[in-house]
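Mind folding the following:
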Amino acid sequence: MPIRAVLWDIDDTIFDYASADRVGMQRHLNAEGLPDGYDSVGQALDAWRELTQLHWARFAGGETDFQGQRRDRVRSFLRREELSDADADAWFERHVAHFEAAWSLFPDTVPVLDVLADEYRHAVLSNASIHNQDRKLRALGVRDRFEAVVCAVELGVSKPDAGAFHAACDAIDLTPQEVAYVGDHPDIDARGAVAAGLTGIWLDRTGLGGHPELTRITGLDQLPGLLRGDTRFGAPDTFR
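Next up, the predicted model:
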């Protein structure tokens, strides 16, 4: 069965989340001051990244809700567990203003969407919320490229759970076998997609390597050739 649609992750796949988060947080710290316990802005930025990964994993695992993981990140980062919800929310919103000012797509995003526009349908599956991701795609000028935007917060289930991938396939009325999923995380995205019956593609922008069992590309410019070759990517070594 040929691939008829591409299902996309957003953050660190088509949108340069890591750069925006780092630049936004640096500007936020310049405005707010360095919290107690950090010797440098660089140390604080590293801590923020690690805490983001930690608390996002807790959210993905069902240990907390979307707003809860934000508040927990702020409390952990500031080392102020007694911080009220209102104060944690206010601190995070001030950070968001700087974060959003740094938003940008990866340079290869629009070119590959242009190349694939006439051959494949496109939709999004994200582990974030529809409020944030729909707004982000509109601000970046690409919301109209996607038939549907499906998000974990509203679904109540997140990647790599098969239910998340199947919900996104249902949103575009295709079977999993007709859909390829592209994302930056080898386990949550590519392996999760494969387990759900989709064709999983790991976008390894940093050249991490490994995971020889996965189909891997290092840039979106490689995606059209991979999809057009189809044969369910029987010889993916070209892209590793």
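
Assumed residue 222 was part of a strand.
No: counting by DSSP: H, G, I helix; E, B strand; the rest coil, residue 222 falls outside a strand, being helix.

And it, what's its pLDDT?
At residue 222, the pLDDT value in this model is 97.

burial count for the nearest residue to residue 18 once chain neighbours are set aside?
For residue 18, ignoring the flanking residues on the chain, the nearest one in space by C-beta to C-beta, 6 or more residues apart in numbering is residue 12 at 5.7 Å. (Glycine included, C-beta is placed from N, CA and C.) Residues lying near residue 12 (other C-beta atoms under 10 Å) number 20.

same deal with the one 5 residues further on?
Residues lying near residue 17 (other C-beta under 10 Å) number 20.

Would you mind measuring from it to residue 88?
For residue 17, the distance to residue 88 (C-beta to C-beta, to the nearest Å) stands at 21 Å.

Break down the protein into its helices, ranges please.
17-32, 41-60, 66-78, 85-101, 109-116, 130-139, 152-155, 162-171, 192-195, 223-229 (DSSP state H).

how about JSON lines for those, with distance to residue 5 added?
Below are the helices of the chain laid out as JSON lines (distance: least, C-beta to C-beta, whole Å):
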{"stretch": "helix 17-32", "distance to residue 5": "23"}
{"stretch": "helix 41-60", "distance to residue 5": "24"}
{"stretch": "helix 66-78", "distance to residue 5": "27"}
{"stretch": "helix 85-101", "distance to residue 5": "29"}
{"stretch": "helix 109-116", "distance to residue 5": "10"}
{"stretch": "helix 130-139", "distance to residue 5": "17"}
{"stretch": "helix 152-155", "distance to residue 5": "18"}
{"stretch": "helix 162-171", "distance to residue 5": "8"}
{"stretch": "helix 192-195", "distance to residue 5": "12"}
{"stretch": "helix 223-229", "distance to residue 5": "10"}
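
Let me see the domain layout of the protein.
Using automatic domain parsing, the domain parsing of the chain gives 5-16+104-239, 17-101.

Point out the most buried one among those domains.
Highest mean neighbour count among the domains of the chain (mean count of other C-beta atoms under 10 Å): domain 5-16+104-239, with a mean of 18.

shaky segments in this protein?
Applying pLDDT under 70 to the chain flags the ranges 230-240.

rerun that using 50 as the cut-off
Within the chain, the segments meeting pLDDT under 50 span 235-240.

Distance of residue 4 relative to residue 193?
According to C-beta to C-beta, residue 4 stands 15 Å off from residue 193.

Likewise for residue 138?
Distance of residue 138 to residue 193, computed by C-beta to C-beta: 25 Å.
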